[in-house]
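J.: predicted coordinates and the sequence they were generated for:
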Protein chains: 4
Amino acid sequence: MTCPGDPTERRPTIGRGKKVRDAVLAATLAELADVGYAALTVESVAGRAGVHKTTIYRRWPDRDALVVDAVSEHVRTEVPAPDTGSIDVDLRELARGLVRWMHSPIGKAILSTMVCGEACAPEVEQGRRDFYRLRFAQVAPVIQRAIARGELPPGTIPSEVIKTMAAPIFFRMLVLPEPIDDAVTDRAVETALAAARAGVLRDRSCCPPGE
Amino acid sequence: MTCPGDPTERRPTIGRGKKVRDAVLAATLAELADVGYAALTVESVAGRAGVHKTTIYRRWPDRDALVVDAVSEHVRTEVPAPDTGSIDVDLRELARGLVRWMHSPIGKAILSTMVCGEACAPEVEQGRRDFYRLRFAQVAPVIQRAIARGELPPGTIPSEVIKTMAAPIFFRMLVLPEPIDDAVTDRAVETALAAARAGVLRDRSCCPPGE
Amino acid sequence: MTCPGDPTERRPTIGRGKKVRDAVLAATLAELADVGYAALTVESVAGRAGVHKTTIYRRWPDRDALVVDAVSEHVRTEVPAPDTGSIDVDLRELARGLVRWMHSPIGKAILSTMVCGEACAPEVEQGRRDFYRLRFAQVAPVIQRAIARGELPPGTIPSEVIKTMAAPIFFRMLVLPEPIDDAVTDRAVETALAAARAGVLRDRSCCPPGE
Amino acid sequence: MTCPGDPTERRPTIGRGKKVRDAVLAATLAELADVGYAALTVESVAGRAGVHKTTIYRRWPDRDALVVDAVSEHVRTEVPAPDTGSIDVDLRELARGLVRWMHSPIGKAILSTMVCGEACAPEVEQGRRDFYRLRFAQVAPVIQRAIARGELPPGTIPSEVIKTMAAPIFFRMLVLPEPIDDAVTDRAVETALAAARAGVLRDRSCCPPGE
DNA sequence: GACTAAACGAGACGGTACGTCGAGTCTTTGT
DNA sequence: ACAAAGACTCGACGTACCGTCTCGTTTAGTC
């Protein structure tokens, strides 16, 4: 039956095709983690997945599409949004989780794809935009709860807080490659909180106020 | 320094060789700006420089070395450190300059090289580390003056302020590709200042909080 | 013969199977005429016949068998053996018919299959041997009547006369690709008759010359 | 040296390139003889020639061009034109030579290329036309001498005699695949001579025979 | 001002991966 | 229970670019 509820992919996703698809995507992530995006080879992926190269090309138009798909697949993973009652603790937990993810094989895999100086295929571009949008949405409640509790000023934009917290971590990881220790992580959290509390991260268009 | 006798490069750097070297490096930067690091081909560079491919391989061991060299060349450019007497204004000027640089051809060229998810050649790795170290050093006086003026708390680490200001801009440019407008830039500046004023960016190892 | 019960083919030849079989064979001939034997694709045939590729592979072991079968199908066509009372006229008529056939779609189809520099599958090999044997047998009476009328020497081998007449035509068509006009055709006929009349085409093993 | 006199090919033919070219063409002919035209693989040729696939594609645009070139190369071989003073003997010798050539590896190689039912690439088409034109020109003197000696009627077209002799041999070899023995060969010769002597192979346009 | 050595132009070559096509086999599904 | 539909394996195609090599030719510094 083509029971309603999972029409994300056509029928081939079920049955034998599903097995192949999963094997290939898993192999892609593994390769990504091992050798990175630039050195990823369709033939290696095929070999690792125990599948023929042409089978991959039948399902994905090219290397980029394959990688984007593989990464997107693992994006549906729910990121647990902590709720300890304190924004300091919650945000620190999120930051630590981000750092852990960045250093995990799968995180490295995704990162190596998800960064490139704008000359990327539009496909990849869109893929990563979606990725981050989803991630931010998943953790936004943490900030919203803090606002509700009065820990952060009303009008604070949740995604801005997250971005402000995440930015220094990504920056150190990807731009200046510097090791990321707890001090760095904590500083990122405190920076975001300081900015939020100072009202820097509020929506300025609606509520000019306050001051 | 290019003082005579400098053996960083052999003689060929002078005379005819100089012309070739310059043409190739310029062509490399142009290609970098046009198509990005990943799509850069030695043959295109050779063609653009009006030089034969083998000539390039005679001087640089491989593609990466060429790119690193081309980029390093343009790193010595002095970044003017503004000094208006107000850290707000100075920092905003630095941020605007950074954004302008990021959108300039040369900036794009360097960025496309300087970012990659860790699977880079060590050569590139070291190159970019040096690049940023130098850049931060160039603008550190701006912060130091602010500390001296009492605008920022003593013990504030200049490079941390710069990084905190730069991180959200790079993050938006490279990770989530989002357009960067003045609001974003200003917010980055204010975030860095808020954090600095809150004492988040002080050196914690030496001067235990106390305050 | 197509008498009922003929077990050369299994049941599927009747009923629904018959339709499929006919459609596929017709499509095969059409493809053969259009693109030739070498470029013939099972998928194209399937598409043209409105049938799935695997359906073809179920019925025919491989491409060659399909082609041979398709061609054999159209071999049973009776070639009218002219009987004007004059071997000159009769033979010329046969020659013209041969040339017409060669330029017809079906003729081209068969020709493109029926020629290949020996590296053919034995299946094809046997198929074409049978094809020509049958063709020659069909027109042999023309020669036999001429012998009976005394137009050609006794002992003349009918198939040899046909082959001698046909050879230059095939030669020009397949080997040196040259256009075939009436002059060529006539010359082929006259050559065969000259040779036959000179006794070159008699069976030498049985009736030692002498005569 | 670039001494005048051998500008048949550009410079690459000399030096290292010549070795590669020769090796590849030889390997092509060998493959052609072994597996035939249809089954010939660029990779096999490359392997046999001890050369990389891409090297072949650098010099020849595709498989067909390679084969045509390889065959053309071996066409310059002079075919000795016998001159015994008797057209019967000379022609028989030519016929036997043709049959021997057909059964030689190189002959098979060329034949397997040189026959295809018109759906050939124009490149191959032109190549074979040239091939046969040259071959016929090489042996035409044999016929011309016979005409001069009065063995054949004046006005006899040499190439027609050759074709008439060759046609049945090719026909048996390629169309009906039948073994070719001396009887067949002799019959072909006698047929051609009978036709020539009967005046069938004269140029009809110029000398409308007095006979 | 001629001479020698380094560097350049030119082009082929081995090698890796790309993305495509077609043959023929195997599995799932629907009837 | 069997045939249609699809997906899969396999092998070859022709392409692009990498980095290497070997020739001649030009040019730059030296004697």
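T.: Looks like it arrived, so ask away.

J.: drop to CA atoms for contacts and neighbour counts, all remaining ones
T.: Noted.

J.: other SSEs contacting the helix or strand of chain A with the lowest mean pLDDT?
T.: When each helix and strand of chain A is scored by mean pLDDT, DSSP states H and E, helix A:105-114 comes last, with a mean of 80. For helix A:105-114, the elements it packs on are helix A:16-35, helix A:63-73, helix A:87-103, judged by 3 or more CA pairs under 8 Å, 6 or more residues apart in numbering or on different chains; DSSP states H and E.

J.: would the helix or strand that comes right after it count as contacting DNA strand E?
T.: Remark: after helix A:105-114, the chain's next helix or strand is helix A:122-149, criterion DSSP states H and E. No - between helix A:122-149 and DNA strand E, judged by CA under 7 Å from any atom of the strand, nothing touches; the nearest distance is 12.6 Å.

J.: so which bits of helix A:122-149 are buried?
T.: Buried residues in helix A:122-149, defined by neighbour count with 16 or more other CA atoms under 10 Å in any protein chain shown: A:124-125, A:127-128, A:131-132, A:135-136, A:139-147.

J.: how far away is A:Ile45 from chain B?
T.: For residue A:45 the amino acid is Val, not Ile. 18 Å (CA to the nearest CA, to the nearest Å).

J.: out of the buried residues of helix A:122-149, who's near chain B?
T.: When contact is defined as CA under 8 Å from any CA of the partner chain, those meet chain B at A:Glu125, A:Arg128, A:Tyr132.

J.: touching, the first one and B:Glu178? I think so.
T.: If I follow you right, that is A:Glu125. No - taking contacts as CA atoms under 8 Å, A:Glu125 lies outside contact range of B:Glu178: 10.4 Å.

J.: check which helix or strand the residue in chain A positioned nearest to chain C maps to.
T.: Here chain A gets closest to chain C at one residue, A:Arg58, 16.3 Å apart by CA to the nearest CA. Using DSSP H and E, A:Arg58 maps to helix A:53-59.

J.: do A:Thr185 as well
T.: Secondary structure from DSSP H and E places A:Thr185 in helix A:182-197.

J.: so what touches that helix?
T.: With CA atoms under 8 Å, 6 or more residues apart in numbering or on different chains as the test, helix A:182-197 has contacts from A:88, A:91-92, A:95-96, A:99, A:152-153, A:156, A:161-162, A:164-166, A:168-169, A:201-202, B:190-192, B:194-195, B:198, B:200-201.

J.: what about 6 Å?
T.: Helix A:182-197 is contacted from outside by A:Leu152, A:Val161, A:Thr164, A:Met165, B:Thr191, B:Ala194, B:Ala195, using CA atoms under 6 Å, 6 or more residues apart in numbering or on different chains.

J.: for the second one, grab the count of nearby residues.
T.: By other CA atoms under 10 Å in any protein chain shown, the residues close to A:Val161 number 24.

J.: separation between it and A:Ala146?
T.: The gap separating A:Val161 from A:Ala146 is 11 Å, by CA to CA, to the nearest Å.

J.: find the nearest non-adjacent residue to A:Leu176, please.
T.: Nearest residue to A:Leu176 in three dimensions, chain neighbours excluded: B:Arg129, at 5.7 Å (CA to CA, 6 or more residues apart in numbering or on different chains).

J.: one more: A:Arg202?
T.: Closest residue to A:Arg202 apart from its sequence neighbours, by CA to CA, 6+ apart: A:Thr156 at 4.0 Å.

J.: doesn't A:Leu201 make contact with the one you found?
T.: Yes - under the criterion of CA atoms under 6 Å, A:Thr156 makes contact with A:Leu201 at 5.4 Å.

J.: quick one, which of the two is more surrounded?
T.: A:Leu201 (26 against 21).

J.: residues touching the more buried one, list them.
T.: A:Thr156, A:Ile157.

J.: got phi/psi on it?
T.: phi -100, psi 20 (degrees, to the nearest 10).

J.: tell me how far it lies from A:Thr164.
T.: 9 Å.

J.: low-confidence ranges in chain A?
T.: Scanning chain A for pLDDT under 70 picks out the ranges A:1-16, A:77, A:116-123, A:205-211.

J.: orientation of the helix or strand hosting A:Ile169 relative to helix B:182-197 in degrees?
T.: A:Ile169 is part of helix A:158-170 when elements are defined by DSSP H and E. Orientation check (axes from the mean of the first three to the mean of the last three CA atoms, to 10 degrees): helix A:158-170 against helix B:182-197 gives 70 degrees.
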